[in-house]
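# Build me a structure from this.
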Amino acid sequence: VGLCKKMDEIRALQEELRRAQQSGSVARLSERNCVQLIMKLKELGLLQIMHTTDGKQYVTEAQLEQEIQDETAVRGGRISLIELEQIVMMELSQIEAAIANIMKFDTKYYFIHSELLTTDYLNTISEEIDELLQEAGRLSVSDLSMRFNLPVSFLTQVLEARMGTIINGVLEQGALYTSAYIARQTARIRGLFSALTRPTPVAPLLREHGFEDRLFHAVLAQLIRSRRLSASVLGRGDKAVFCPDLVSRTQDAWVRSFFNENNYIEYDAVRRFGIADAKAFVAARCKGAALETCVISDTLLESAGAAIDEALASGAWVDVAELLPSPLSATDVTRAIALCPATSRRGRPAEVLASTIVCSKAFIDGCVASLQPDVQAAAESTPAAPAAAAAAPAPVEDTKGKKKDKGDKKTRTPSTSTAVASGPTALSLPALEKRLAQIAPTAPEQMLTEIAERIQKPLLAQFQELQKTIFVNSGESGTRRKQREDQADKFRDAVITLRLCEKGLALLKDDAALHRNLLRTSGFDACLLLLQIQAADHNVTLPSVTIDSLARAAKLLPEPGQAALVKAAELLAGKTVGPLLDHLEDVSGDLDVLLRKADRKRDKALLQASYDEGLARLAAEVDPASLLHRACLLIFQKVTGCMLRAPGSAVPQIVTHLATLLPGPDHALLLSYQQRVMKVMGERRRAEAGDETARQAVVELEGSLHTDADKLRSLAAPVTPP
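Predicted structure coming up:
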């Protein structure tokens, strides 16, 4: 009964299902509603899906991972990220995330250089590599890396994991070898080196017999470690030498014996005994000081140090080369001196002379003291130079109109390179060496030469100080000071003129050609005055000086004048006046020709003097071209208030600039005069060629120019107040 009742319920449910299937749908969802419903479920976290790049399908993470694994298997266990993107139609970031999740739970996958690889693929290529290895006997991992397009480091790990299983061989220093290949090479190397009975460089053997470098060194080291070869390898790389033990024992015994008996050993002697890397060989067996060409024992070094200590304590000198073995070079002796503690001990300063001689400072000071009478006698017998006058006190007005003493101004002394020009013969190097030979007759000549070079500069400084003192006390100092001050005033006026002309060039847009012309005229005048002042200060006779020979003449002077004027000569070849002005202002103090501060009254006086001088020359000028040139310069200064120095070729540029500064009729006269001058110059050239018409035109044009000459002079003349 119960079973029948249940069957009746099942039939009732089936009937209800049939009616439901046959009935029509009351409500149907559109595609848009479905998309919105899916998006809402994703926002609520109830649905984890991703849409494809075409936007028509949705994929779950599990499905994406499965498709990636399937495609990788289809492609033989290796597929690139770009190929996966095209196949599964998903974004790269989603594919990479899926791959990372796959690799987290399955260790047979590898992601290398945007490619997904499987262990099966790696096993396949390992089998292929093994086949290649058995055929060739040797394979390079770098070549395999290029063949399979895999990184060397990754491929090395793959090969190491499969050595002895899939791959039958040995991985050694970036290469694969078969056991048979290694055995053949080992036999060749063993046979070759077993036959050697004397030290032999390894590199030539390696090249001659065609051994592979990486395997060769490993096999040779293994044979030596296993004592199959009773030998050793000295040195590394191209300097490596194979040395049988018998030879090594003989070399070792000889080196130790020679060093113990002589307290030194030369590297050249060790090399002649067949040892290539002599320095390393000796350093491992002989305890001492390593020099450039040899090694000396500590006992020998201590003996030399004791002699140096004694010489410094007694204020004398010692030639260390006489205390050390004769084969040592001067460089070795110098190095040995530096290693002695006595040379660096405080309280006993030492000087190393002629590379091998240690001299106490007290000995050099004694030589200087012995030469003081010579310096005094030279200062008294040599005529005093006018430079002493510049160092004497001179009143200088300050900004408040008071006078202050400049006598404490520092002066510079010439260097030893100018001793011939600024010092007496008694203080020249040959004379000093001769006197030092009398003071220390047993000292070597080279030592005396270096002492003379070291003490000449302070002796010259003392000589000049004494000379200045004698000069200031003499009766002629006043006259010479006055002459020097007159020259200095001319130099200062030349610098002011140069600065005023620079302002005028600024109005003409700083034309480079005009700057160069100003440098070669007014700039050269200022430098020549400074050169003459310095030559008089140091009793130097100058040849005829031009702008091209200025640098050569400056080299006749001592420092600091030499460097200052050589630099000035270089700046005269520059493109602008500014650097020369700055340089003259910087060095004027060092050369005792201090420039005054900017003074408007002085500038105005120089401008007026230049203007008056130009008017006088203009009044006497008769040549039309020269008259036009002088008139343009004066008119420019008249209307701008700026001095101008320019060549005749700059007249058209000046006339153009004056167009906006002169009244119309005045500029028309100036322009007409310029045009006629240019025309008459052209007609003259044709007249000289025999053109009679041109000769007549020249006469007519010159007549009109002479007629307007007075008008042009009036235009340049100062304005007369009513």
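# Could you give me the buried positions within the helix or strand hosting residue 489?
Per DSSP states H and E, residue 489 falls inside helix 477-507. Residues 477, 480-481, 484, 487-488, 491-502, 504-505 are the ones in helix 477-507 that count as buried (16 or more other C-beta atoms under 10 Å). No exception for glycine: its C-beta is placed from N, CA and C like everyone else's.
# what's the answer for stretch 176-196, then?
Going by 16+ other C-beta under 10 Å, stretch 176-196 has these buried residues: 176-178, 181-182, 185-186, 189, 192-193.
# what's the most distant pair in those?
Maximum pairwise distance among these (C-beta to C-beta): 24.8 Å, between 176 and 193.
# hang on, the earlier thing: give me the helices and strands touching the helix holding residue 489, please.
Contact partners of helix 477-507 among helices and strands, from 3 or more C-beta pairs under 8 Å, 6 or more residues apart in numbering; DSSP states H and E: helix 387-391, helix 512-518, helix 524-537, helix 578-588, helix 600-620, helix 624-640.
# Format these as CSV; extra columns: mean neighbour count, distance to residue 135 and mean pLDDT.
Formatted as CSV, those follow (neighbours: other C-beta atoms under 10 Å; distance: least, C-beta to C-beta, whole Å; pLDDT from 0 to 100):
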stretch, mean neighbour count, distance to residue 135, mean pLDDT
helix 387-391, 23, 93, 41
helix 512-518, 18, 78, 84
helix 524-537, 22, 86, 84
helix 578-588, 17, 77, 84
helix 600-620, 14, 98, 84
helix 624-640, 21, 96, 85
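# Out of those, flag the one nearest residue 307.
Nearest to residue 307 among the helices and strands packed on helix 477-507 is helix 387-391 (47.1 Å), distances taken as C-beta to C-beta.
# Okay, and residue 79 sits in which element?
Assigned by DSSP H and E, residue 79 falls in strand 78-80.
# List the contacts of the residue nearest to the spatial centre of the chain.
Nearest residue to the geometric centre of the chain (C-alpha atoms, centre = their mean): residue 567, 22.9 Å. Residue 567 sits next to 583, 587 when contact means C-beta atoms under 8 Å, 6 or more residues apart in numbering.
# now do residue 629
With contact taken as C-beta under 8 Å, 6+ apart, residue 629 is in contact with 648, 651.
# try residue 193
Counting by C-beta under 8 Å, 6+ apart, residue 193 touches 220, 223, 229, 231, 242.
# try 10 Å
Counting by C-beta atoms under 10 Å, 6 or more residues apart in numbering, residue 193 touches 200, 202, 205, 219-220, 223-224, 228-229, 231, 233, 242, 244.
# pLDDT value on it, please?
Per-residue pLDDT puts residue 193 at 78.
# just residue 110 next, same as before
pLDDT at residue 110 comes out at 91.
# likewise residue 149?
Residue 149 is given a pLDDT of 90.
# State the distance from it to residue 656.
74 Å (C-beta to C-beta, to the nearest Å).
# What are the boundaries of the helices in the stretch 1-150 of the chain?
Taking DSSP state H, counting those that start in this stretch, the helices of the stretch 1-150 of the chain run over residues 2-22, 31-43, 61-74, 81-88, 92-105, 119-136, 141-148.
# which regions of the stretch 351-500 of the chain sit below the pLDDT cut-off?
382-423, 471-480 (pLDDT under 70).
# Okay, now the unreliable bits of the stretch 51-200 of the chain?
In the stretch 51-200 of the chain (pLDDT under 70), the answer is 55, 197-198.
# circling back: in helices, which of the buried residues of stretch 176-196 fall?
Residues of the buried residues of stretch 176-196 located in helices (DSSP state H): 181-182, 185-186, 189, 192-193.
# Go through those residues and say which is closest to residue 19.
residue 181 (84.5 Å).
# Would you mind getting the angle between the helix holding residue 489 and helix 600-620?
80 degrees (axes from the mean of the first three to the mean of the last three C-alpha atoms, to 10 degrees).
# and helix 477-507, how far out from the chain's middle?
Averaging C-alpha positions (C-alpha atoms, centre = their mean, to the nearest Å) puts helix 477-507 40 Å from its chain's average.
# Surely residue 152 is in contact with residue 146?
Yes. At 9.3 Å, residue 152 counts as touching residue 146 under the criterion of C-beta atoms under 10 Å.
# Now for those two: what residues contact both?
residue 140.
# quick one, which of those two is more surrounded?
Neighbours per residue, other C-beta atoms under 10 Å: of residue 152 and residue 146, the larger number sits with residue 152, 14 against 10.
# quick one, what contacts the more buried one?
Here residue 152 is in contact with 140-142, 144-146, 174 (C-beta under 10 Å, 6+ apart).
# The same query, at a cut-off of 8 Å, please.
For residue 152, the contact set (C-beta under 8 Å, 6+ apart) comprises 141-142, 145, 174.
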